[in-house]
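**Student:** Whatever this is, show me its structure:
(one chain, ligands or ions: 1)
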Amino acid sequence: MPVAITETEPRTAPRRRGWRERWLAFRNGTVASTAFQRWAAGFPLTRGIARRNTRALFDLCAGFVYAQVLFACVRLDLFRLLEAGPLAPDVIARRLDLPQERALTLLKAAAALDLLTRLPDGRFGLADLGAAMIGNPSIAAMVEHHTMLYADLADPVALLRERPERTRLSSYWPYAEDRAAVAPESVAAYSGLMAASQAMIAGDVLDALPLSDRSCLMDVGGGEGVFLAQAARRHPHLSLRLLDLPPVAERARARFESAGLGGRVTCHGGSFRDDALPQGADAVSLVRVVHDHDDIVIEPLLSAVHAALPPGGLLAIAEPMAGTPGAEPIGDAYFGFYLMAMGSGRPRTAAELSAMLTRAGFVDIRERPTRRPLLARLITAKRA
Ligand SMILES: C[S@@+](CC[C@H](N)C(=O)[O-])C[C@H]1O[C@@H](n2cnc3c(N)ncnc32)[C@H](O)[C@@H]1O
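**Tutor:** Numbering: from 1, shown residues only. Here you go, the predicted model:
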């Protein structure tokens with residue numbers, strides 16, 4: 001059921017220090033004291049909280065190490081090795097070409113992180129998280145991709161202070177640099193990465209997106225067309241259009257041809273920054289596009305979509321959003337820093353997107369719950 005979007009962030013700071021701020025100041029002063037920490041770790045009523053906080057802080061400090069354990073598993077293709085069933089550490093060591101004690105270090109680390117499980121006989125097999133990696137190869141692709149992100153984040157303070165001309169991620173996503181022309185060889189890597197991860201998202205978004213009363217859907221920034229290909233299968237009556245940068249649109253055209261969908265989809269090569277949007281669609285989707293760009297790009301894009309739609313036309317924005325309950329670190333910490341390293345865009349809350357849509361002239365703005373909101377939430381809006 002669609003739900004109303006409400007502003008959750010405070011708009012103005014209180015003038016005087018209210019009770020809440022005074023309580024916070026008192027509490028933080030107390031928690032910061034070493035003597036209190038020692039006492040709280042021993043006192044039966046606070047021991048549980050103290051341990052949870054210690055663990056949470058340790059996990060924050062150790063996050064990079066955990067990520068590198070996962071990276072080693074992915075690089076060594078450990079999960080696939082164990083897909084057929086558990087193996088003894090010495091067998092795994094031989095297969096991975098690692099010294100035995102090092103292999104055991106990796107296996108124990110992966111088991112501690114719930115990627116693997118250690119059986120009573122000493123063999124290691126897949127645990128839930130490792131098994132999930134097998135079913136979602138795009139996660140492994142993201143893990144490999146993160147080497148670039150981590151290189152850019154090596155000095156986060158420098159990144160916060162200056163906006164470097166070029167980062168690893170801005171070169172990887174050439175449109176982040178707003179170059180006039182994007183070469184075919186520079187889109188292949190990111191388009192492949194997006195196509196792989198889109199498979200997980202398209203189903204969730206299409207489950208929640210009402211398209212049965214629409215006749216033509218245009219996916220703007222549609223990548224290689226994975227989202228539209230799924231839409232084509234679910235809604236045989238829909239005619240489909242894709243707009244993306246010319247080399248990406250070319251890749252999409254080839255993909256549609258080989259999937260036998262060439263006759264259903266028209267691919268337009270162009271830039272939504274510089275070119276007029278193709279007319280004729282009564283529904284437009286922006287899937288994982290808006291968060292990639294600054295307001296100075298998105299405000300005119302939303303107005304252009306509004307102008308391109310007929311009265312009653314539908315716009316759908318689907319992407320991970322800031323402030324998603326239960327997934328706060330994904331929006332504000334992960335995407336916040338990822339997009340900062342990329343040099344373009346920011347994660348926005350549903351309320352911020354809703355306000356932008358209102359400014360662009362849209363009405364009937366609502367959020368439609370998706371199956372996995374941490375991967376993508378969905379907002380729809382209509383042209384009056
Ligand atoms: C993060 S990807 C998302 C792709 C696809 N919608 C998905 O979710 O898999 C952003 C897409 O926007 C496209 N894009 C970026 N800037 C663009 C522009 N100025 N005009 C058209 N497409 C653009 C990129 O080429 C890329 O395919």
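**Student:** For residue 227, see how far away the nearest residue to residue 163 once chain neighbours are set aside is.
**Tutor:** Leaving aside its sequence neighbours, residue 163 sits nearest to residue 343 (Cβ to Cβ, 6 or more residues apart in numbering; 6.5 Å). All C-beta atoms are positioned from the backbone trio N, CA, C, and that covers glycine. Per Cβ to Cβ, to the nearest Å, residue 343 is found 25 Å from residue 227.
**Student:** Which one's more surrounded, those two?
**Tutor:** residue 227 (27 against 21; other Cβ atoms under 10 Å).
**Student:** how about the residues of the protein near the ligand?
**Tutor:** Within reach of the ligand by Cβ under 6 Å from any ligand atom, the chain has these residues: 175, 194, 198, 221-223, 227, 243-245, 248, 271-273, 287-289, 292.
**Student:** can we see that at 5 Å?
**Tutor:** Residues of the chain lying near the ligand by Cβ under 5 Å from any ligand atom: 175, 194, 198, 221, 223, 244-245, 248, 271-273, 287-289.
**Student:** Just the buried ones from these?
**Tutor:** 175, 194, 198, 221, 223, 244-245, 248, 271-272, 287-289 (16 or more other Cβ atoms under 10 Å).
**Student:** And the strands in the stretch 101-250 of the chain, which stretches?
**Tutor:** For the stretch 101-250 of the chain, strands defined by DSSP state E, counting those that start in this stretch occupy the ranges 116-118, 124-126, 216-220, 239-244.
**Student:** what's the third one in contact with?
**Tutor:** When contacts are taken as Cβ atoms under 8 Å, 6 or more residues apart in numbering, the neighbours of strand 216-220 outside the stretch itself are 211, 225, 227-228, 231, 235, 238-244, 272, 277-278, 280-287, 289, 301, 305, 308.
**Student:** since we're on the residue nearest to residue 240 when sequence neighbours are not counted, how many residues are nearby?
**Tutor:** Distance criterion Cβ to Cβ, 6+ apart; nearest residue to residue 240, sequence neighbours excluded, is residue 265 at 4.4 Å. Using other Cβ under 10 Å, the number of residues around residue 265 comes to 25.
**Student:** where does residue 265 fall, phi/psi-wise?
**Tutor:** Here is the backbone geometry of residue 265 (degrees, to the nearest 10): phi -120, psi 130.
**Student:** could you measure it against the ligand, distance?
**Tutor:** Noted for residue 265: a distance of 14 Å to the ligand, by Cβ to the nearest ligand atom, to the nearest Å.
**Student:** Next, the contact list for that residue, please.
**Tutor:** Contacts were defined as Cβ under 8 Å, 6+ apart; by that measure residue 265 touches 225, 228, 232, 240, 241, 242, 252, 256.
**Student:** With neighbour count and pLDDT added, can I get those residues in TSV?
**Tutor:** Compiled in TSV, these are given as follows (neighbours: other Cβ atoms under 10 Å; pLDDT from 0 to 100):
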residue	neighbour count	pLDDT
225	29	97
228	29	98
232	20	96
240	24	97
241	20	98
242	29	98
252	27	97
256	23	97
